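Asker: Build the 3D model from these lines:
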Amino acid sequence: MSCANDTKDMIYHYIATDKEGKLQEADYEAANLEEALRFLAGRELRPVSVKPLAVNRGVLGGFFGNITLADKVFLTKYLSLMMRVGTDLLAAINILIADFDKPAMKNFLLEVRENLTKGRPFYEAFAKHPKVFSEVFVNLLKAAEASGTLQTTFEKLSLSLTKEAELKSKIRAALIYPIIILSASLALFVFLVTFALPKLANVFLSGGLNPPGFSKFVFGIGLFVGDHVLGFLIVVFGGLGFLLYFFLRNRIGKRIGDRLMRRLPFIKILYREIAVQRFAATLSALIGAGLPIINSVKITAAVVNAPEFKDALLRIADEGLAKGLTIGESFRRETVFPKVVVNLIAISEKAGHLSEVLDTLSDFYASNVDNNVKTLISFLEPALLLFMGMVVGGIALSIIIPIYQLTSQF
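Answerer: All right, here's what the predicted structure looks like:
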């Protein structure tokens, strides 16, 4: 028998024999090993092996990796397929547990199985991990479980997550070349300023030349950096690391970064279209799952990730729909949404095809985002190359002028 220290939120995997000597194998959630053994004794089971699986409830990931978007696509596709061919939910989860090697995903599936064997709602395991599974994801599962449409909902979730993954993949692929150019520019600049320029500056200044002011300025930078190479490298890379952490991980930094990005002319349009695409896709899925319109709009507001759209959607729910206005009338009061979106929402509401029209709008804006990213990159690439050329050209010019002065003396 395996022993372990008392641990909260632990799942124990046990193998035990019953009165007839038959082996039984399952998982049991207990606060500690003693509680698990008392459970077995209460069922008149003789333990053969009791091993902790160490599932940490609130955190999925860590050293062994996180549950990614690709994992969620596979999970929803698989469950949809298994339920379509008649496999029950618990059996499908058991097969997934056996197939998954990724610790974070396996631990989560064990948690789902434990919920199911104890008769708890299926969606509860997902709701415990809001950083991994969005409020939309959880509410769709909750509605589907209540209405008995889990298989259809898994299909829709799979399609929605696949579209999201494709859009993110396209944006990342478009950004790879500019990032390579920017990294190469930074590396070249650091090399020139740290190693090449100080040596050249020493050669010219020690030779008794009197270079022009621009060259003296550049050489001065080179000599200063050459005397403080370690400090310069720490400042450059430490500063870059801090900025990346501040704008990507820190909440305040993210807000500041978002505000700065939204004020840039072309980026502002891109942000707006991403927000509209996310709004349309989310609201379409929630309405299609049968959630009440006011709840759907409020949940959409929570996940749209754009302050102006969030505020507008909350006003639509609380000051429009809750007071008896139609969906079209409520949206017409808000100027943040494009007129074509508002008009199509009003028309589709009357025709009874709001979910389908929103889904079409989502696809349209996803295509627009993809095209606009490509356009942005087409401007960004030459701008980065020009910047790189100006840096290298400036340093080269500061060296060429003194050389020309030197040769003209002979």
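Asker: shaky segments in this protein?
Answerer: Low-confidence segments of the chain, defined by pLDDT under 70: 1-10, 53-65, 205, 207-209, 405-410.
Asker: So which residue is dead centre in it?
Answerer: L69 (7.9 Å; CA atoms, centre = their mean).
Asker: quick one: which helix or strand includes the closest residue in space to that residue that isn't next to it in sequence?
Answerer: Take L69 and drop its neighbours on the chain: the residue closest to it by CB to CB, 6 or more residues apart in numbering is A165, 5.1 Å away. Any C-beta I mention is one placed from the backbone N, CA and C, and that applies to glycine too. Applying DSSP states H and E as the criterion places A165 in helix 150-191.
Asker: And the strands in this protein, which stretches?
Answerer: 10-17, 23-30, 46-52 (DSSP state E).
Asker: wait, what's in contact with the residue nearest to A301 when sequence neighbours are not counted?
Answerer: Once flanking residues are discounted, A301 sits nearest to L313: 3.7 Å by CB to CB, 6+ apart. L313 is in contact with 279, 297-298, 300-301, 304, counting by CB atoms under 8 Å, 6 or more residues apart in numbering.
Asker: Just to check, A143 is in contact with G290?
Answerer: Yes - A143 lies in contact with G290 (CB atoms under 8 Å); the separation is 5.6 Å.
Asker: If you count surrounding residues, which of those two has more?
Answerer: A143 (21 against 15; other CB atoms under 10 Å).
Asker: Could you measure from that one over to K156?
Answerer: Distance, A143 to K156, using CB to CB, to the nearest Å: 11 Å.
Asker: if I look at the two, which residues touch both of them?
Answerer: A289.
Asker: Tabulate the strands of the chain in TSV, adding columns for mean neighbour count.
Answerer: Output for these, formatted as TSV (neighbours: other CB atoms under 10 Å):
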stretch	mean neighbour count
strand 10-17	19
strand 23-30	16
strand 46-52	16
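Asker: export the ones you listed to JSON lines and tack on distance to F214?
Answerer: Putting the strands of the chain into JSON lines (distance: least, CB to CB, whole Å) gives the following:
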{"stretch": "strand 10-17", "distance to F214": "69"}
{"stretch": "strand 23-30", "distance to F214": "72"}
{"stretch": "strand 46-52", "distance to F214": "69"}
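Asker: Among those, which comes closest to Y78?
Answerer: strand 23-30 (20.3 Å; CB to CB).
Asker: hmm, who's touching that closest one?
Answerer: By CB under 8 Å, 6+ apart, strand 23-30 touches 9-18, 36, 39-40, 45, 48, 53, 110, 113-114, 117-118.
Asker: make it 7 Å
Answerer: Contacts to strand 23-30, defined as CB atoms under 7 Å, 6 or more residues apart in numbering, come from residues 10-18, 36, 39, 45, 53, 110, 113-114.
Asker: Now stretch 204-219: buried residues?
Answerer: 204-205, 211, 215-216, 218-219 (16 or more other CB atoms under 10 Å).
Asker: same question, stretch 129-145
Answerer: Quick answer for stretch 129-145 (16+ other CB under 10 Å): 129, 132-145.
Asker: got it, and stretch 332-341?
Answerer: 332, 334, 336-337, 341.
Asker: Can you tell me which of the buried residues of stretch 129-145 lies closest to D101?
Answerer: Relative to D101, and with distances defined as CB to CB, the nearest of the buried residues of stretch 129-145 is V132, at 18.2 Å.
Asker: Could you give the backbone dihedrals for that closest one?
Answerer: phi -100, psi -50 (degrees, to the nearest 10).
Asker: Also G119?
Answerer: According to degrees, to the nearest 10, G119 has phi 80, psi 20.
Asker: quick one: it from L90, how far?
Answerer: In terms of CB to CB, G119 sits 11 Å off from L90.
Asker: go on, G320?
Answerer: 43 Å.
Asker: Show me which of the two is the more surrounded one.
Answerer: A direct count of neighbours by other CB under 10 Å for G320 and L90 places G320 higher, at 22 against 12.
Asker: Thought S330 was touching the more buried one, still the case?
Answerer: Yes - taking CB atoms under 7 Å as the definition, G320 is a contact partner of S330 at 2.9 Å.
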